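have a look; sequence and predicted model below, questions after that.
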Amino acid sequence: MPLAAEGEGFHQPSIAEFFPPAIWFEGTIFEINRIQVVRFVAVAVLLTLMVIAARRARLVPRRGQNIAEILLDFVRINVAEDIIGKEKAHKYVAFLTTVFFAVLAFNITGVIPFLNIAGTSLIGLPIMLALWVYVMYLSAGIKAHGVGGFLKSSLFPPGVPWILYILLTPVEFLQVFVMRPATLAIRLMANMVAGHLMLVLCFAATQFLLIDSGNGALIPFGALTLVGGFAITLFEVFVAALQAYIFVVLTAVYLSQSVEDEH
């Protein structure tokens, strides 16, 4: 992350943080930059941890297996079964678990040393995740009700006077086919962008106040920004987990609505 050099003054963070220069294959559709490398690392670490946990599974679990089982049970019971229902949840447990761990892994890279940016802080990945959820949502609804039945239950809520459908159906269309995937992607990206900018601001200010300014009177303020940076780091860990939870809960809600007889 760019910080001020001595004598150059304070260097504030900017949106350029999220558009790093290419590392490999510049100018091609296969261009690789720092954020994509962070994503590759997140995927590799997540897969490695899951394989290790699966291969070392014991009847009496140890600490690592305990953590993995708690998270797996959390998604299965507290998300899939509680929201979709036990009868239908089993079809979507694997999908919801994958979504939760993927979003969590991409989010948490924002506070990992030497990575220092969330893989979901650039809109491309959140869009791909949201589209994945959206395709599952549409396919589940069409499989449960057929194309006509799904469109009818989505766009024409029961119990409404027919004249109101003139106003209500366009709103439902925007909500079902535009707002749901859009808000999933934008909410995820916006939270990760905001967190990264706050962290960069705190630690850039710390370097300027403690080192670059050369003014001893600013040292107490630099100490405050340093403490603030560590506090925001802990908060970002919470936000990374919270956003993964919100993403998977909303996914489960959408799936539940798509397979219900009326929604």
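Right, received. Where do you want to start? Numbering: from 1, shown residues only.

tell me which helix or strand of the chain sits lowest on mean pLDDT?
Across the helices and strands of the chain, the lowest-confidence element by mean pLDDT, DSSP states H and E is helix 63-73, at a mean of 83.

buried ones in that helix?
Judged by neighbour count (16 or more other CB atoms under 10 Å), helix 63-73 contains these buried residues: Gln65, Ala68, Leu72. In this view, the C-beta of every residue, glycine as well, is placed from N, C-alpha and C.

spatially nearest residue to the last one (excluding sequence neighbours)?
It stands for Leu72. What sits nearest to Leu72 in space, not counting adjacent residues and going by CB to CB, 6 or more residues apart in numbering, is Thr97, at 6.3 Å.

and the helix or strand encompassing Gln36, average pLDDT?
Using DSSP states H and E, Gln36 sits in helix 34-55. Averaged across helix 34-55, pLDDT comes to 92.

ok, stretch 201-218 next?
For stretch 201-218, the per-residue pLDDT averages 86.

the helix holding Gln36: which residues count as buried?
Arg34, Ile35, Gln36, Val38, Arg39, Val41, Ala42, Leu46, Ala53.

how far off centre is stretch 197-213?
Mean-position distance between stretch 197-213 and its chain equals 27 Å (CA atoms, centre = their mean, to the nearest Å).

check stretch 19-35 too.
Its chain's C-alpha centre and that of stretch 19-35 lie 22 Å apart, by CA atoms, centre = their mean.

got a pLDDT number for the residue nearest to Leu72?
Predicted confidence (pLDDT) for Thr97: 96.

against Asp212, how distant is it?
To Asp212, Thr97 is 46 Å away according to CB to CB, to the nearest Å.

so where's the chain uncertain?
For the chain, the stretches with pLDDT under 70 are 1-9, 59-61, 261-263.

show me where it has its helices.
34-55, 63-73, 86-89, 93-108, 124-155, 165-174, 180-207, 219-259 (DSSP state H).

with distance to Ile23 added, can I get the ones you listed in a markdown table?
A markdown table is the format used below for the helices of the chain (distance: least, CB to CB, whole Å):
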| stretch | distance to Ile23 |
| --- | --- |
| helix 34-55 | 7 |
| helix 63-73 | 32 |
| helix 86-89 | 42 |
| helix 93-108 | 19 |
| helix 124-155 | 16 |
| helix 165-174 | 39 |
| helix 180-207 | 19 |
| helix 219-259 | 24 |
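
closest to Ala80 out of those?
Across those, Ala80 has its closest neighbour in helix 86-89 (3.9 Å, CB to CB).

in the closest one, what counts as buried?
Neighbour-count burial for helix 86-89 [16+ other CB under 10 Å]: Lys88, Ala89.
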